[in-house]
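Colleague: coords below, sequence missing:
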């Protein structure tokens, strides 16, 4: 008992000034986030988050997990008459597709590469139902708070954040095929794999289809660009911008690597 | 703008291992808390928190704020089949008595001694509706997480926490009139002012009644005792137990002082 | 072993923006602090801290602990050509009066009311030599970082911080006998007990002398006033200014109580 | 002024339980670290850190920066009679090679890819002398605290940490050429480039020599292996082990990427 408790700790909070806490399991009452430290008087509504939540949702196309969830968010506190109040913003997304029975099989065997075995060792409970907190559904809270952060950055410094798929398995988008100065969200959204180059998008979709029919999945690389980033973000030494970004990215389920600037090619 | 934003910060989280985040305003959708770091396999249900939430609720007797609220809590995540899972526990209490109109008068004048003026200066918004985050209703999240903490402490180390009113204005319960080794919650709950000494309870109620009829309020002192406290709680230097307790207590609305051990009498 | 380690934690750091870490034992190589987060381009030299370190030092008068220490501080990093650089400021004060042998007696018996017994239980070591980290000598790091904070506050907002002794045992300085608008450091320093009222200062010194000759010590109350405090310091809910101050004050050795504003008289 | 101060923050501390704070500039009085949270009764002496500090030191071979520094560490607090006391461990390494004049040229032009320009914008000071806190010399505090962590891990769980160079520019050590189960520090230290494969070590040295003679430098990849890692390290969601490692690694000067497990090959 002692040794299990000893390693217990609270890891669901990220950030110091703009502080995000996520909560919820795939198959409990719901998931969401608390954002503390958002400045007051920022226009904010559910619609600001819903677009990104819809993009996150599985089951939008034939190439993703075929689960149908409607992730409708609700702001429960921190916004009054359409403006943030400077108090914690509580965003809640009820679970609707609680198909706990689908996971019955997993009660017997651990899924390979999932966090189930570790959770079981550490907490003595199988968060069997849909992966618990290690499930991709936990990312709903991240997406909602990220949407708030994007709105804030846009308003304060004209900062724009865009991300697209630049590699799927062995299909690698060549350097320079995307113009980072003019890239738009529409270009990224123009196909289901979210690669702004139509030719490579087709190749990537074909690669995914090939493994999908075998019931398997494959890896890929996401490239994220930031335009008009405020200068001087991050703190020296341990809290450098690239260090904080690396932590955030590597804490996402199934992420295996992170590069910044010239990366491993440097 | 810059200087207002500069002092913006996130203060709604307390603790490192057992980490509590509260959210919600008096008159938004609801209030509550996220408790991150609670060990798994602890039996927990809404009933564990409801008793303390009921005790907190105003309008239970003639001597408190005459507002009638039913604070019914709901656990939205972190508990499965009656046991904590080790993941964040999300407790939500919907607001039902949203009498925002009652506060219309305050839109014009700041209430004396309330945090309204400071909020207005700092955030540029009047969290007018019932005091916003500085309202006593924010304490619902504290009460719910405190109930979880009490259950945990009871189970792990037999620790018991009790508190009672030991002074109301000039009515001071004499030292030694309460036996701290045998005091029970029933004794404390035996009267509406929660002073375990019936004679002094009457005097205190009389003192409150006297000012209440004038539309005023008066101060008091709460004595808290802990039995079977685990030894060695807290960390040396800045995070001593008495320092953490002082911070927690002094962060409660309208608290003016804190004593530990022999206190100012020492 | 497990249970001892379990409660091990790091408590020597205080603050988020202006972050102070203290280190050192009474009878090791030295004591001091690291201040991280001090803005750049603030004039700073050892002299700024030395005055307060000298005031802290025991053995200045007949009424304090009769130990003779010269606490000469040295800035080892964070200042270049007389200006802060925005990097961590490292202040070191070597120990000179390492009279470990004086404490031999305590190797056998715990000193009453000292933290020795708790340390022994928690760490399995007697920090016998002068009280270890629970010694008043740990406060050297606090005094040095406090001097930096005072300089910063003075420069940015004209803020002044003064403290004086307002009570020694049963000698209580009456309300109103000190004018908080005009009080100066010179008035406080005009006598060895640091009470700006000469008549009451004499009474306090007499009270201390009375117990000192018996080899005993007595308690007192320090009143701290802040002029031109920046508005809006602290964060709502848990990190209110009075809560942070209470934690800081209650973490000082031998502190038993804290009042803010009208305090227990309210 | 306001906007510069606004982004000021304290980033020199890492970790919650075993908390490391580093301090010092390349050309001030010295550099080092405070380690808070190290359990008591661990044997520790300067020799435990000196070996790793010697390995870090530039100027050991013809392929590194030709600066000669003797980084002799001193434990100033936290250790008594050869054992840790559970209090903050203060390690100090005086600067001896303070050749500030060598950097005179840089007072005029920013060094490409160094942090000078950012510091200047953010702090209004050029930490010109040797790179200030962004200098590789800041890593001395990391190396010293890392040595303490390694000793601790070895003692508590038999954990071993080893790292070697697996790529220099286009010289890539093939997968499988190093046996991670039997690899020893001696094998790594058998050549100046610290690649355990002698043949590839020669190729790497040749590649470095080629650019070194041109006054240039090239990139490389370090592979780190951990044997007998305790299970369950890290916390779910944001504080996963790989996320914390990524942050730590990406906060090192000049680091551009991080992979975990199967990495980008996955």
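Modeller: Yep, it's here. All values derive from a computational prediction rather than experimental measurement.
Colleague: buried set for stretch A:53-63?
Modeller: A:53, A:56-57 (16 or more other CB atoms under 10 Å in any protein chain shown). For every residue, glycine as well, the C-beta is placed using N, CA and C.
Colleague: what does stretch A:162-171 give?
Modeller: Buried-residue list, stretch A:162-171, by 16+ other CB under 10 Å: A:162, A:164-169, A:171.
Colleague: Show me those residues that map onto strands.
Modeller: The strands, defined by DSSP state E, take in A:162, A:164-168, A:171 from the buried residues of stretch A:162-171.
Colleague: Next, the residue nearest to residue A:74 when sequence neighbours are not counted: secondary structure please.
Modeller: Computed as CB to CB, 6 or more residues apart in numbering or on different chains, the closest residue to residue A:74 that is not its neighbour in sequence is residue A:92, at 5.2 Å. Using DSSP: H, G, I helix; E, B strand; the rest coil, the structure places residue A:92 in strand.
Colleague: how much space between residue A:92 and chain C?
Modeller: Noted for residue A:92: a distance of 20 Å to chain C, by CB to the nearest CB, to the nearest Å.
Colleague: Report the contact partners of that residue.
Modeller: Residue A:92 is in contact with A:30-32, A:73-74, A:76, B:76, B:92, counting by CB atoms under 8 Å, 6 or more residues apart in numbering or on different chains.
Colleague: From residue D:174, how far off is it?
Modeller: 51 Å (CB to CB, to the nearest Å).
Colleague: Residue A:142 now?
Modeller: Per CB to CB, residue A:142 is found 38 Å from residue D:174.
Colleague: More neighbours: which of the two?
Modeller: residue A:142 (20 against 9; other CB atoms under 10 Å in any protein chain shown).
Colleague: Would you mark the buried spots in stretch A:226-246?
Modeller: Buried-residue list, stretch A:226-246, by 16+ other CB under 10 Å: A:226, A:232-246.
Colleague: Backbone dihedrals for residue A:175, both of them.
Modeller: phi -50, psi 140 (degrees, to the nearest 10).
Colleague: Then residue A:19?
Modeller: Dihedral angles (degrees, to the nearest 10) for residue A:19: phi -110, psi 120.
Colleague: mind checking which helix or strand the one residue sitting closest to the centre of chain A is in?
Modeller: Centrality entry for chain A: nearest residue to the mean C-alpha point is residue A:139, 4.6 Å, by CA atoms, centre = their mean. Per DSSP states H and E, residue A:139 falls inside helix A:139-157.
Colleague: coming back round to it: looking at the buried residues of stretch A:162-171, which two lie furthest apart in space?
Modeller: Maximum pairwise distance in those, criterion CB to CB, is 22.6 Å, between A:162 and A:169.
Colleague: And chain A, split by domain according to the record?
Modeller: Using automatic domain parsing, the domain ranges for chain A come out as A:2-142, A:158-260.
Colleague: does any bit of stretch A:31-45 sit next to chain D?
Modeller: No. Stretch A:31-45 lies out of reach of chain D by CB under 8 Å from any CB of the partner chain, never closer than 11.0 Å.
Colleague: So which bits of that stretch are buried?
Modeller: Buried residues in stretch A:31-45 (16+ other CB under 10 Å): A:31-40, A:42, A:44.
Colleague: ok, now stretch A:217-226?
Modeller: For stretch A:217-226, the neighbour count (16+ other CB under 10 Å) marks A:219-221, A:223, A:226 as buried.
Colleague: re earlier: export the domains of chain A as JSON lines, with columns for distance to residue C:150 and mean pLDDT.
Modeller: JSON lines is the format used below for the domains of chain A (distance: least, CB to CB, whole Å; pLDDT from 0 to 100):
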{"stretch": "domain A:2-142", "distance to residue C:150": "25", "mean pLDDT": "76"}
{"stretch": "domain A:158-260", "distance to residue C:150": "24", "mean pLDDT": "94"}
